[in-house]
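> give the three-dimensional model of this entry:
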Amino acid sequence: MPQKSYSFLRICFYCLRWFIAFLLMELITHFFYYNAFAKREDVFHHVEDVLLEPPREIGETRKIKFLPELTGDPLTQYPRRVFIDAGLRSIANSEQWFEENYPKKGSRFEKVKLNAVSNRKTGAKACRVSGWLERNVEEEFVVMKANAGIIEEMVNAKEKKAIQLIDELFLECDATSAYWECLAIHGKVKDEGIVVHQWWG
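Residues are numbered from 1 along each chain as shown. Reported below is the predicted structural model:
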């Protein structure tokens, strides 16, 4: 009888220890999740304001507050860092601008060009971009420049997995979209928890 009681107490002890370990892991997870969420929420207060009217000159300079600078993120903890151009303009312009201006913190970024022309009726090109993201990125740090029509299809999709894989977005408006529509897309992207800037080429 004493032996059985001892065995029962051992089982209770191991169960209690497992429960405490599980509870601590949950608390730690929620703590880091809350801190990350709060940090990202704080970032939105420091991102540059959206322009309610397009600039008079395309080349007009404007101070952009980049995500790694706002968070102090060294970018070394990601398995890959990727810059994706899914816009309508030449990749040479965006790639050169990215190399000269983006705070890479000494890390190497892969450059990817996704040939995409938005089609609001079918959303085919947006689906192609979404599919590429879902197949090729998961825990990577993703910076994207994309046309407003493509992003519109992504934020309006039933499954929003692709848009949520983007960490920082440069939203390109063009003649195919009314400016107020581009502003509305900008707001939707921000609502998804993504740092978004306006891209003027």
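> what about the closest residue to residue 152 other than its chain neighbours, which helix or strand?
Excluding the flanking residues, the one nearest residue 152 by Cβ to Cβ, 6 or more residues apart in numbering is residue 185, at 5.0 Å. Yep, even glycine has a C-beta here, placed from its N, CA and C like the rest. Element membership for residue 185 (DSSP states H and E) is helix 179-191.
> which neighbouring elements make contact with that helix?
Packing partners of helix 179-191 (3 or more Cβ pairs under 8 Å, 6 or more residues apart in numbering; DSSP states H and E): helix 148-155, strand 168-172, strand 195-199.
> show me what counts as buried in it.
Using 16 or more other Cβ atoms under 10 Å as the test for burial, helix 179-191 gives 182-183, 185-186, 188-189.
> can you pull the contacts of the residue nearest to residue 152?
By Cβ atoms under 8 Å, 6 or more residues apart in numbering, the contact list for residue 185 reads 148, 151-152, 155, 171, 177.
> out of the helices and strands packed on helix 179-191, flag the one nearest residue 83.
Smallest distance to residue 83 across those (Cβ to Cβ): 9.7 Å, for strand 168-172.
> list the contacts of that closest one.
The contact list for strand 168-172, computed with Cβ under 8 Å, 6+ apart, reads 66-67, 87-89, 94, 142-148, 151, 182, 185-186, 189, 194-199, 201.
> only the buried subset of those residues, as a PyMOL command please.
In PyMOL, this line selects whichever of the contacts of strand 168-172 come out buried by 16+ other Cβ under 10 Å:
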select buried, resi 66+67+87+88+94+142+143+144+145+146+147+148+151+182+185+186+189+194+195+196+197+198+199+201
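> centroid residue for this protein?
Nearest to the mean C-alpha position of the chain, counting by Cα atoms, centre = their mean, stands residue 167 at 1.8 Å.
> returning to that earlier point: now do the residue nearest to residue 152, the pLDDT please.
pLDDT for residue 185: 94.
> okay, now the unreliable bits of the protein?
Along the chain, the parts satisfying pLDDT under 70 run over 1-8, 26-41, 57-62, 87-92, 116-127, 175-176, 201.
> ranges for the helices of it?
2-44, 67-71, 91-101, 124-136, 148-155, 179-191 (DSSP state H).
> and residue 48, how many neighbours does it have?
By other Cβ atoms under 10 Å, 11 other residues sit near residue 48.
> so it sits against residue 64, correct?
Yes. Residue 48 lies in contact with residue 64 (Cβ atoms under 8 Å); the separation is 6.2 Å.
> between those two, which contacts overlap?
With contacts defined as Cβ under 8 Å, 6+ apart, the residues shared by residue 48 and residue 64 are residue 197.
> surely residue 63 meets residue 48?
Yes. Shown here, residue 63 and residue 48 form a contact pair, counting by Cβ under 8 Å, at 6.6 Å.
> dump the residue contacts of the closest residue to residue 183 other than its chain neighbours.
Once flanking residues are discounted, residue 183 sits nearest to residue 50: 6.5 Å by Cβ to Cβ, 6+ apart. Shown in contact with residue 50 (Cβ under 8 Å, 6+ apart): 183, 186, 198.
> I'm done for today, thanks for sticking with me.
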